[in-house]
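**Student:** the sequence isn't on hand, but the structure is:
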């Protein structure tokens with residue numbers, strides 16, 4: 001049969017990314033407790049397309065994905081990128097895998113269990129060298145230091161969202177980064193709380209007020225102490241309870257070969 005994708009295109013324009021987007025696919029992710037967590041991922045897969053080809057072979061993306069469906073992990077993404085480049089006759093490849101990760105979490109006082117969902121994303125690319133980033137998002141509670149300082153009764157608090165993105169030197173566990181995020185805020189978020197738990201968390205947040213700036217700095221300090229990462233970004237957003245806007249802060253750093261760290265520039269400078 002005629003291979004239309006390999007037909008010549010006369011417009012003389014390279015395409016940076018061509019492929020498939022928003023594939024819902026069941027995957028298994030290695031958990032710290034030694035088991036495998038079954039979840040459903042939303043996956044994007046792209047390769048570059050040289051100017052002389054009319055199109056890429058979309059079915060090959062799904063074929064590659066199917067071959068790795070039982071072993072979708074940090075350890076296998078390098079091979080997936082290699083297969084994409086080879087089988088699609090490309091110079092570069094890109095894959096994004098976003099999925100919910102669940103952890104059973106006990107309430108702080110009563111120990112009542114509940115399932116917490118955390119958003120995770122693997123972002124991998126190959127263009128000469130390979131680049132691999134892991135993105136983990138967790139909810140937190142913050143209490144405003146300014147509100148507590150100026151108020152005679154109480155202080156306003158809010159639920160926030162913290163995202164950490166990492167380039168790593170050594171294998172790490174998703175659970176460890178989630179714990180790092182949750183311990184960097186005024187208090188944690190739980191799916192099930194009884195009255196003793198609510199009292200405990202309310203008082204804990206009041207005793208530990210934090211701006212979004214405090215959250216990103218605290219999380220960044222903890223990442224630096226782990227010494228497992230060559231680059232990281234920490235992003236915090238508070239969904240303010242008494243303002244008609246969100247509060248936001250962001251830190252991005254690269255770890256040099258000597259262990260010293262420097263601020264990153266703009267995307268254009270990078």
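**Tutor:** All right, it came through fine. All values derive from a computational prediction rather than experimental measurement. Numbers count the residues shown, from 1 in each chain.
**Student:** ok so residue 59 is a helix residue?
**Tutor:** Yes - Residue 59: assigned to a helix according to DSSP: H, G, I helix; E, B strand; the rest coil.
**Student:** burial count for it?
**Tutor:** Neighbour count of residue 59, defined by other C-beta atoms under 10 Å: 9. From N, CA and C alone the C-beta is placed, and that goes for glycine too.
**Student:** just the pLDDT at it, thanks.
**Tutor:** Looking at residue 59, its pLDDT stands at 86.
**Student:** go on, residue 37?
**Tutor:** On the pLDDT scale, residue 37 gets 88.
**Student:** was I right about residue 186 contacting residue 147?
**Tutor:** No - in this structure residue 186 lies outside contact range of residue 147 using C-beta atoms under 8 Å: 11.7 Å.
**Student:** name the nearest residue to residue 217, ignoring sequence neighbours.
**Tutor:** Distances taken as C-beta to C-beta, 6 or more residues apart in numbering place residue 251 nearest to residue 217, at 7.0 Å, with adjacent residues excluded.
**Student:** could you give the mean pLDDT of the helix or strand where that neighbour lies?
**Tutor:** Assigned by DSSP states H and E, residue 251 belongs to strand 246-255. For strand 246-255, mean pLDDT is 94.
**Student:** give me the contact list for that strand.
**Tutor:** 211-213, 215-217, 220, 224, 229-240, 261-264 (C-beta atoms under 8 Å, 6 or more residues apart in numbering).
**Student:** in the sheet, who's paired with residue 92?
**Tutor:** Assessed by DSSP bridges, residue 92 has beta-bridge partners residue 127.
**Student:** tell me the contacts of it?
**Tutor:** Contacts of residue 92 by C-beta under 8 Å, 6+ apart are 47, 48, 85, 125, 126, 127, 128.
**Student:** does the first one really touch residue 84, like I thought?
**Tutor:** Yes - at 5.8 Å, residue 47 and residue 84 qualify as touching, with contact defined as C-beta under 8 Å.
**Student:** what do these two both touch?
**Tutor:** Common neighbours of residue 47 and residue 84 (C-beta under 8 Å, 6+ apart) are 90, 93.
**Student:** helices of the stretch 151-270 of the chain, start to end?
**Tutor:** 174-182, 195-207, 212-226 (DSSP state H, counting those that start in this stretch).
**Student:** helices and strands around the shortest one, which ones?
**Tutor:** If contacts are counted by 3 or more C-beta pairs under 8 Å, 6 or more residues apart in numbering; DSSP states H and E, helix 174-182 sits against strand 92-106, strand 113-127, strand 129-143, strand 157-168, helix 212-226.
**Student:** need these in CSV (columns: distance to residue 14 and mean pLDDT).
**Tutor:** Below are the helices and strands packed on helix 174-182 laid out as CSV (distance: least, C-beta to C-beta, whole Å; pLDDT from 0 to 100):
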stretch, distance to residue 14, mean pLDDT
strand 92-106, 11, 95
strand 113-127, 13, 96
strand 129-143, 20, 96
strand 157-168, 27, 96
helix 212-226, 37, 95
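**Student:** turn these into CSV, including distance to residue 151.
**Tutor:** Compiled in CSV, the helices and strands packed on helix 174-182 are given as follows (distance: least, C-beta to C-beta, whole Å):
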stretch, distance to residue 151
strand 92-106, 31
strand 113-127, 30
strand 129-143, 11
strand 157-168, 12
helix 212-226, 18
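**Student:** number of nearby residues for residue 150?
**Tutor:** 9.
**Student:** which residues touch stretch 18-27?
**Tutor:** So stretch 18-27 is contacted by 38-49, 55-56, 58, 61-62, 65, 69, 72, 94, 97, 99 (C-beta under 8 Å, 6+ apart).
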